[in-house]
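Participant: fold the following for me, if possible:
(one chain, ligands or ions: 1)
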Amino acid sequence: MPAKWLKDTVFYEIYPQSFRDTNGDGIGDLNGIIEKLDYVKGLGCNALWINPCYDSPFKDAGYDVRDYKKVAPRYGTNSDLYRLFGEAHKRGIRVLLDLVPGHTSEEHPWFKMSGKAETNAYTNRYIWTGHWWQGCRDMPYIGGECERAATYVLNFFKCQPALNYGFARVEQPWQLPCDHPDCIATREAIKDVMRFWLSHGCDGFRVDMANSLVKYDDDQKSATSAIWRDVRKMLDAEFPDAAMVSEWSAPKQALRAGYDMDFCLNNDDTRYSTLMRDYQNGTDNSFFKKDAPARDINRFLEVYMDWYADTRELGYISLLTCNHDTVRPRFSLAPDELKLAYAFLFTMPGVPFLYYGDEIGMRYRQLPTKEGGYFRTGSRTPMQWDNGKNLGFSDGCADSLYLPVDPSADAPTVAAQEGQKDSLLETVRALLSLRHQEEDLQADAEFQPAYAQPGQAFAYRRGRLLLAVNPAGDQAEIPVDAQGRRPIFTIGSAAAEDGRLLLGAQSFAVLK
Ligand code: NOJ
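Facilitator: Residues are numbered from 1 along each chain as shown. As a prediction, this is how the structure comes out:
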């Protein structure tokens, strides 16, 4: 059963480097997050996911952890983080940290010990081949870096050696089975990290590459799932309120493995890109694009409905505006299109996530890579608060900023949109406030498509509510029975008539 508090939760993802810098060194910090908690609360978000803020050489923006239990000095201290937990809780905001269980930095002391020639307690903490001339058949590996006469397997970048949770199918003498005591020790070490932060007040974890633990796992990820079920058992016994969201994008597997939520990420299998960022195919047919030549919500529903049916009793699917790994939705959608996309995301079941800055329509920027970001760097620029120095992000000098702020004259800011009724920011606030008011819009109420035809607007039910969205530039006539219902929320215009619902161009409505 997922944590009860998730029933009415909307997450805000913060990339700490770029949110708010309070000491003028050009990089965001934990005190900056604390300073903006009231803003987060006022937006209607009642939980945070903070990207890794641990000590790291930052070759992958902190996903290369050097010390799991220490806050990176550039963000502050452990005490700052504990204070952040306390201040967030005072405002009814929960905090998830990012757990990176699949790999560490090559500078982690475990790895340094593991690379030593003589056997020690960390020799099998990572995956090493038997000889220095021996590579691994089907996983990337590195040799020539350590005194140990073997090569080691990578989980992601070169700086991220894979932690050893064992092999589901052992084919070589150097591959250990999952129940080998050293593989169990890796799992216990990660549990120890979880206990550490949970006992200091964190509310759970977003788990990086959660499906990557056991190598040569079967298609169902059975061995990796068994590890997570064991972790869940620990949480249920020791921290029953803790929640976990997985980077897995296979909710049928992740939720059975004990996760509360699984992300519907931006990849082909999930069809998420068909909603708002269909940018990889020559023609943009994203559902929310006003001029999409062949819009079709079924491209998304074909996968989503199957997931939803199979996981309703287990936990939640998390839809997201974007994250630090994807281009921002503003890349392909204009603010009026974004309003409709967000209206849909924030009225769907499960637990939605909003990436910092998407609420004001921050742009994706073409920038040189920073800290292993590559194309992702353009979605990681400083939050745009107001039209002051560095758009309110930092008092530091502009060339010392982690990344440059958006230089355009019309760079969207919080200050410019605050109080402007039709702004994207106020639309997000209104949508989230509606979600908190109406139980039928929250995580659990049933979702059912009511009208979903290729090329048409989409109508759906949540519990007793009827909702419809028309992203097109012309009025839509939707053949659903809306008789006796009144709109309780609209973007654009809506009129309920006998046997049909009329939605104006680029409109959205919730009817009761
Ligand atoms: C997924 C994270 O979201 C991404 O930013 C990171 O580079 C990889 N996992 C490796 O940890």
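
Participant: got the residues of the chain near the ligand?
Facilitator: When proximity is defined by Cβ under 6 Å from any ligand atom, the chain lies next to the ligand at 60, 63, 100, 156, 208-209, 247, 324-325. To be clear about C-beta, it is placed using only N, CA and C from the backbone, and glycine gets the same treatment.

Participant: any chance of these in a markdown table with pLDDT, neighbour count and distance to Gly504 as columns?
Facilitator: Output for the residues of the chain next to the ligand, formatted as a markdown table (pLDDT from 0 to 100; neighbours: other Cβ atoms under 10 Å; distance: Cβ to Cβ, whole Å):
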| residue | pLDDT | neighbour count | distance to Gly504 |
| --- | --- | --- | --- |
| Asp60 | 98 | 21 | 46 |
| Tyr63 | 98 | 28 | 44 |
| Val100 | 98 | 28 | 46 |
| Phe156 | 97 | 19 | 47 |
| Asp208 | 98 | 20 | 43 |
| Met209 | 97 | 18 | 44 |
| Glu247 | 97 | 19 | 38 |
| His324 | 98 | 20 | 35 |
| Asp325 | 97 | 16 | 35 |
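
Participant: what residue is smack in the middle of the chain?
Facilitator: The centroid of the chain falls nearest to Asn323 when counting by Cα atoms, centre = their mean (5.4 Å).

Participant: next up, the contacts around that one.
Facilitator: Residues near Asn323 by Cβ atoms under 8 Å, 6 or more residues apart in numbering: 13, 263, 265-266, 353, 355, 379.

Participant: all helices of the stretch 151-300 of the chain, in order?
Facilitator: Per DSSP state H, counting those that start in this stretch, the stretch 151-300 of the chain carries helices over the ranges 181-199, 222-238, 251-256, 273-276, 298-311.

Participant: go through the ones you listed and pick out the most buried.
Facilitator: Mean neighbour count, computed with mean count of other Cβ atoms under 10 Å, is highest for helix 273-276 among the helices of the stretch 151-300 of the chain, reaching a mean of 24.

Participant: show me what that helix is packed against.
Facilitator: helix 298-311, helix 335-345 (3 or more Cβ pairs under 8 Å, 6 or more residues apart in numbering; DSSP states H and E).

Participant: list of residues touching the last one?
Facilitator: Here helix 335-345 makes contact (Cβ under 8 Å, 6+ apart) with 275-276, 288-290, 319-321, 329-330, 333, 352, 358, 361, 424, 427-428, 431, 458, 469, 471, 491, 506-508.

Participant: ok, for the closest residue to the ligand within the stretch 301-450 of the chain, nearest residue in space, not its chain neighbours?
Facilitator: Per Cβ to the nearest ligand atom, Asp325 is where the stretch 301-450 of the chain lies closest to the ligand, at 4.7 Å. Of all residues beyond its chain neighbours, the one nearest Asp325 is Arg376 (5.3 Å), with distances taken as Cβ to Cβ, 6 or more residues apart in numbering.

Participant: against Tyr15, how distant is the one you found?
Facilitator: Distance, Arg376 to Tyr15, by Cβ to Cβ, to the nearest Å: 10 Å.

Participant: what do these two both touch?
Facilitator: Residues touching both Arg376 and Tyr15 by Cβ under 8 Å, 6+ apart: His324.

Participant: okay, the two: which has more neighbours?
Facilitator: With neighbours defined as other Cβ atoms under 10 Å, Arg376 and Tyr15 compare such that Tyr15 has more, 26 against 20.

Participant: kindly provide the distance from that one to Val207.
Facilitator: As judged by Cβ to Cβ, Tyr15 and Val207 stand 17 Å apart.
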